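Chemist: Here is the input, now give the coordinates:
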Amino acid sequence: ENYHGTAANLRIDTQAPGYMRSPTPHPSCFAFESAVDELALKLGIDPVAFRLRHRATTDPIHGQKLSSCYLSECLTEGARRFGWERRSLQPGSMTLPDGTQVGWGVASGAYPGSAHPNIVTLRVNADGTTRFAAAGHEMGQGIRSTIEQVLVRELAIDPLKLEIAIGDTSVAPQHTTAGSWGTASVVPAAAEAAAKLNAAMAELLAGRQVAGNLHRQLATVRRPSLQVEVEHVAVDQGPKDLATLRKGGMALVGPDYSTFTTYSYIAHFVEVHVEPGTRRVRVPRVVSIADCGRVISPRTAESQVRGGVIWGIGAALREATEVDPRYGGWLNNDLADYVVPVNADIGSIDVGFIDRPDPLINALGAKGLGEVAMTGCGGAIANAIHHATGKRLREMPFRIEDLL
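Modeler: The predicted model follows:
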């Protein structure tokens, strides 16, 4: 209250940086998990055991209960799969016959559990087709697959003739898809719509026993189609948030709700090899175990984690934008000069899930996954490099010259 300041925008000769995935948690988890690793080493305690001793059940900032937190289970399962019990505690103590230094590192990550209201329309037709329209965007994360999984599981429909219309303002109000709130926002709405349509069909049949799937039943009673609309809001939301959505605005809620806090969690276990001559760092294997609540679509969920790990490897060992100090432009503004991982850089990535529903965030218990997959990966690589070489690296990406 004793401070007064002003701010202004100045046009300068440099380009504003843009967000990449998990823009804040990724670097912050790198710093935090490096510090946790240092504490464990100084106390002479195994890094996994040290983390397990400090299991959280409440949000330390707001003092609220965590609706679900299975990070300890992620650490325990990851350690089992990785063979962590064979790790020696002292840095620089694991080498291959050719002098390659081997390091095993662990780090955890967390990402907010947020949600957005949604308005969905579901129509089943007698001609065998089904159409689902809602807010959401497919960017390769597999949101269409998660919607399909729910609808096909709950409705007796032909999956080959299911149309999922998302990202189209002509069919439903749309919101920005970011921050890992896509699945938690649309999948519970899809489940509500499916339940509502089944109830409407039961009311239409009025106790009559009609054979066949929903399409056949509609044809039998000479009804061309049956349609329902659902207005879905997240915890702590109401009509005001739906109105904001209809106007094209953002109505985001979470991770701090009125009575609880929700995050997704992940534990990464990484093995690195540091070559004795070139000091090049390789990552031959990674084990990543995630707590994202109920896993709706296992195949696309695994793909999300693998992609996040690869991106984490790129951020830790390869990617950096170089700015021309004279004019402020990017010097490496194409994929020839902006170095990203290729197939030869990626080894084994073993992915697993706790798959236990969050009891409070939504009816299905699903939390976000896309961005938590990357958080903590940079920290695990840094801790593995320290375990291999004894050098604590403080800035990403980790260059060869940092290890000379």
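Chemist: Quick check: next helix or strand after the top helix by length along the chain?
Modeler: The longest helix of the chain (DSSP state H) is helix 182-205. Following helix 182-205 in sequence order, the next helix or strand is helix 214-220 (DSSP states H and E).
Chemist: what packs against that next one?
Modeler: strand 118-125, helix 182-205, strand 225-232 (3 or more C-beta pairs under 8 Å, 6 or more residues apart in numbering; DSSP states H and E). All C-beta spots, glycine's among them, are computed from the backbone N, C-alpha and C.
Chemist: Rounded mean pLDDT for the longest helix of the chain, please.
Modeler: The pLDDT scores in helix 182-205 average 95.
Chemist: Just give me the neighbour total for the nearest residue in space to Arg216 that is not next to it in sequence.
Modeler: Of all residues not flanking Arg216 in the chain, Val210 sits nearest, at 7.5 Å (C-beta to C-beta, 6 or more residues apart in numbering). Residues near Val210, counting by other C-beta atoms under 10 Å, number 14.
Chemist: How about Asn362: what's its closest non-neighbour residue?
Modeler: Pro188 (4.2 Å).
Chemist: One more: Asn213?
Modeler: Ala156 (4.0 Å).
Chemist: Same check on Gly128?
Modeler: His215 (4.7 Å).
Chemist: and what of Met94?
Modeler: Using C-beta to C-beta, 6+ apart, the closest residue to Met94 is Val102 (4.1 Å).
Chemist: what does the model give the residue lying closest to Arg53 once chain neighbours are set aside for pLDDT?
Modeler: Among residues not flanking Arg53 along the chain, Ile45 sits closest, at 7.8 Å (C-beta to C-beta, 6+ apart). Predicted confidence (pLDDT) for Ile45: 97.
Chemist: and Ile45, how many neighbours does it have?
Modeler: 14.
Chemist: Pretty sure Thr389 sits against Gly103.
Modeler: Yes - contact criterion C-beta atoms under 8 Å: Thr389 and Gly103 qualify, at 7.0 Å.
Chemist: Of the two, give the one with the bigger neighbour count.
Modeler: Gly103 (25 against 19).
Chemist: Where does Ser108 sit: helix, strand or coil?
Modeler: Using DSSP: H, G, I helix; E, B strand; the rest coil, the structure places Ser108 in strand.
Chemist: my guess is it contacts Glu73, does it?
Modeler: No - under the criterion of C-beta under 8 Å, Ser108 makes no contact with Glu73, lying 11.5 Å away.
Chemist: the more surrounded of those two?
Modeler: A count of neighbours by other C-beta under 10 Å puts Ser108 above the other of Ser108 and Glu73, at 25 against 16.
Chemist: rewinding a little: the residue nearest to Arg53 and Leu89, how far apart?
Modeler: 9 Å (C-beta to C-beta, to the nearest Å).
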